[in-house]
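*Asks:* Could you work out the structure for the sequence below:
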Amino acid sequence: MVDLLLRRARVADDIDPVDIAVTNGVITAIGTDPPAAATVEIDCAARVVIPGLIEPHVHLDKALLDGRAHAPDDTLAGAIAITGDLKRGFTATDVADRARRVLDSAIVHGTTLIRAHPDVDPIVGLLGVEVLLDLREEYRGLIDLQIVAFPQEGILGAPGTLDLLREALRRGADVIGGCSYNEADLADCHRHVDLVFDLAAEFAVPVDIHADFADDATDPRFALADYIAEATQRTGLGGRVAIGHVTSLASRPSHERQATMARLAAAGVAVVPLPATDMHLGGRADETAVRRGIAPVRELWAAGVTTAYSSNNIRNAFTPYGNADLLDIGLFLAQTSHLSSPPDLRRVLDMATVDAATVVGVADRHGIRVGADADLVVLGTHRLADALLDRPDRCYVIKAGRVVARTTRVTEIVARPIAVVD
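*Replies:* Below is the predicted model:
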């Protein structure tokens, strides 16, 4: 017997609604000839159904710190410094409580997988990793959690970090992270990248590096995308490497941008813009023609670079906004990147679903097709082209074939204009 049946689901704007059957957490049929019965049936009433949303770059351990301190200059350096001070007071209970609040919000907003980047450094040790390892089990069946061992304070500039990263991977971190710009000079930045790739090879894990997070590339530490592409090709890790931010790319001359993006595409390096953070911290010294500081999404698409987006930080010194709603972030990305046509908006939606699945390595089992995991979201809108614009309710959030969240809302106009009688 079918476990779950979604009737009259809108999966594309150019075809009639279909029925989606799910058994044992997997999509088993899609079409207009549904099974006669199912354990659970949901009438989507021609509302849009999309694959589960995927956050490929979130800092759960540093979320919701906005009430504790504020970076006085709202710069990247200021955010790193003030958060470093706050980290000294972190406890397991504190980190877990804040992370749970974000995870719960993400689930309600339709996210079915998060790649989280907890800090690993001499300040907090492995605290963030240990908490997220526990939360990964606690939330199993509700949301998948990938854990990145992330050296926010650098590796060479923070002695002891390399050993901590290795221990994090031994304990079960899924991905090795990097912060390629946070070293003293270019040579150390290159060494940082090399050490990250050495750890990836040692533990057979993917790579996810914070890179090129500056207004421009005048400081060569913020122009390492080409070096990361070279390292990816040298180590044969194409398709398993992502770089986040990459904001300096937008400031480079067109021919340089095109050359770098061609190298990224050829090497199989994905790019993840983080628009809420990138635009908040970027352009702080610009007095005129203030830069947006977001990686050039349309050009990345044209170059064939796998591109997703994510929330990054939520309500802290890096990003004082957010509620773990990927559709909200997607709309902001569209608004700030000149992406407005229906095909553009559909592509932005894909960035948070099928493209993000490629970034985090689950593309083989994610999507709306027979054989894919039944991670699905029923939206309160009737056209995919409107999925961002309408800010729709997540009517049902389905993880592995089970409804894990729903939003029920009644909105109505209860008064009408009073007719004026002449």
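*Asks:* Next, the contact list for Asp144, please.
*Replies:* Thr112, Leu113, Ile114, Val362 (Cβ atoms under 8 Å, 6 or more residues apart in numbering). Bear in mind the C-beta positions are built from the backbone N, C-alpha and C, glycine included.
*Asks:* what are the bridge partners for it, then?
*Replies:* When bridges are called by DSSP bridges, Asp144 pairs up with Leu113.
*Asks:* By neighbours, which of the contacts of Asp144 wins?
*Replies:* Taking other Cβ atoms under 10 Å as the neighbour criterion, Ile114 ranks highest of these with 30 neighbours.
*Asks:* quick one: pLDDT of that one?
*Replies:* At Ile114, the model reports a pLDDT of 98.
*Asks:* what's the answer for Asp422, then?
*Replies:* 68.
*Asks:* got any ranges where the stretch 51-200 of the chain has weak pLDDT?
*Replies:* For the stretch 51-200 of the chain, the stretches with pLDDT under 70 are 71.
*Asks:* quick one, helices of it?
*Replies:* 76-87, 92-108, 127-138, 161-171, 186-203 (DSSP state H, counting those that start in this stretch).
*Asks:* who wins for proximity to Leu264 among those?
*Replies:* Smallest distance to Leu264 across the helices of the stretch 51-200 of the chain (Cβ to Cβ): 14.1 Å, for helix 186-203.
*Asks:* other SSEs contacting whichever helix or strand comes after that closest one?
*Replies:* Going down the chain from helix 186-203, the next helix or strand is strand 207-211, by DSSP states H and E. Judged by 3 or more Cβ pairs under 8 Å, 6 or more residues apart in numbering; DSSP states H and E, strand 207-211 is in contact with strand 175-179, helix 186-203, helix 225-235, strand 241-245.
*Asks:* now what about strand 207-211, what contacts it?
*Replies:* Everything outside strand 207-211 that qualifies as a contact, by Cβ under 8 Å, 6+ apart, is 56-57, 115, 117, 148, 150, 175-181, 193, 196-197, 200, 224-225, 228, 232, 237, 240-246.
*Asks:* Now with 7 Å, please.
*Replies:* Contact with strand 207-211 is made by 148, 175-181, 196-197, 200, 224-225, 228, 237, 240-246, as judged by Cβ atoms under 7 Å, 6 or more residues apart in numbering.
*Asks:* avg pLDDT for that strand?
*Replies:* In the prediction, strand 207-211 has an average pLDDT of 98.
*Asks:* could you check the angle strand 175-179 makes with that strand?
*Replies:* 20 degrees (axes from the mean of the first three to the mean of the last three Cα atoms, to 10 degrees).
*Asks:* Adjacent strands (with direction) for strand 207-211?
*Replies:* strand 175-179 (parallel), strand 241-245 (parallel).
*Asks:* how far is it from where the chain is centred?
*Replies:* Distance of strand 207-211 from the chain centroid (Cα atoms, centre = their mean, to the nearest Å) equals 13 Å.
*Asks:* Could you do stretch 73-83 as well?
*Replies:* Offset of stretch 73-83 from its chain centre (Cα atoms, centre = their mean): 22 Å.
*Asks:* Only the buried residues of it, if you could.
*Replies:* Leu76, Gly78, Ala79, Ile80, Ile82, Thr83 (16 or more other Cβ atoms under 10 Å).
*Asks:* For the fourth one, give its distance to Gln335.
*Replies:* Okay, so that is Ile80. Ile80 sits 27 Å away from Gln335, going by Cβ to Cβ, to the nearest Å.
*Asks:* now swap in the first one and tell me
*Replies:* If you measure Leu76 against Gln335 using Cβ to Cβ, the figure is 23 Å.
*Asks:* C-alpha coordinates for stretch 295-311, CSV please?
*Replies:* These are the backbone C-alpha positions of stretch 295-311, laid out as CSV (Å, rounded to 0.1, in the frame of the first residue of the first chain):
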residue,chain,number,x,y,z
ALA,A,295,29.1,37.1,-6.8
PRO,A,296,27.8,37.6,-10.4
VAL,A,297,25.2,34.9,-10.5
ARG,A,298,24.0,35.3,-14.1
GLU,A,299,27.6,35.2,-15.3
LEU,A,300,28.3,32.1,-13.2
TRP,A,301,25.3,30.4,-14.7
ALA,A,302,26.5,31.3,-18.2
ALA,A,303,30.0,30.0,-17.5
GLY,A,304,28.5,26.6,-16.4
VAL,A,305,29.5,27.0,-12.7
THR,A,306,27.3,25.1,-10.3
THR,A,307,25.8,27.8,-8.2
ALA,A,308,23.6,27.7,-5.1
TYR,A,309,22.9,30.2,-2.3
SER,A,310,22.4,30.1,1.4
SER,A,311,21.6,32.1,4.6
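*Asks:* quick one: buried residues of that stretch?
*Replies:* 295-297, 299-301, 303, 305-311.
*Asks:* The helix or strand harbouring Ala334 - contacts with which helices or strands?
*Replies:* For Ala334, the host element (DSSP H and E) is helix 326-336. Counting contacts by 3 or more Cβ pairs under 7 Å, 6 or more residues apart in numbering; DSSP states H and E, helix 326-336 is packed against helix 275-281, helix 342-351.
*Asks:* For the helix or strand just after the shortest one, the averaged confidence score.
*Replies:* Downstream of helix 275-281, the next assigned helix or strand under DSSP H and E is helix 297-303. Confidence over helix 297-303, taken as the mean pLDDT, stands at 98.
*Asks:* Now tell me what touches helix 297-303 from outside.
*Replies:* Arg257, Met261, Ala262, Ala265, Val271, Pro273, Thr307, Leu333, Ser337, Leu339, Arg347.
*Asks:* make it 8 Å
*Replies:* By Cβ under 8 Å, 6+ apart, helix 297-303 touches 257-258, 261-262, 264-265, 271, 273, 307, 309, 333, 337-339, 344, 347.
*Asks:* Make a ChimeraX selection of whichever of the residues you listed turn out to be buried.
*Replies:* Filtering those down to the buried ones (16+ other Cβ under 10 Å) takes a single ChimeraX command:
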select :257,261,264,265,271,273,307,309,333,337,339,344,347
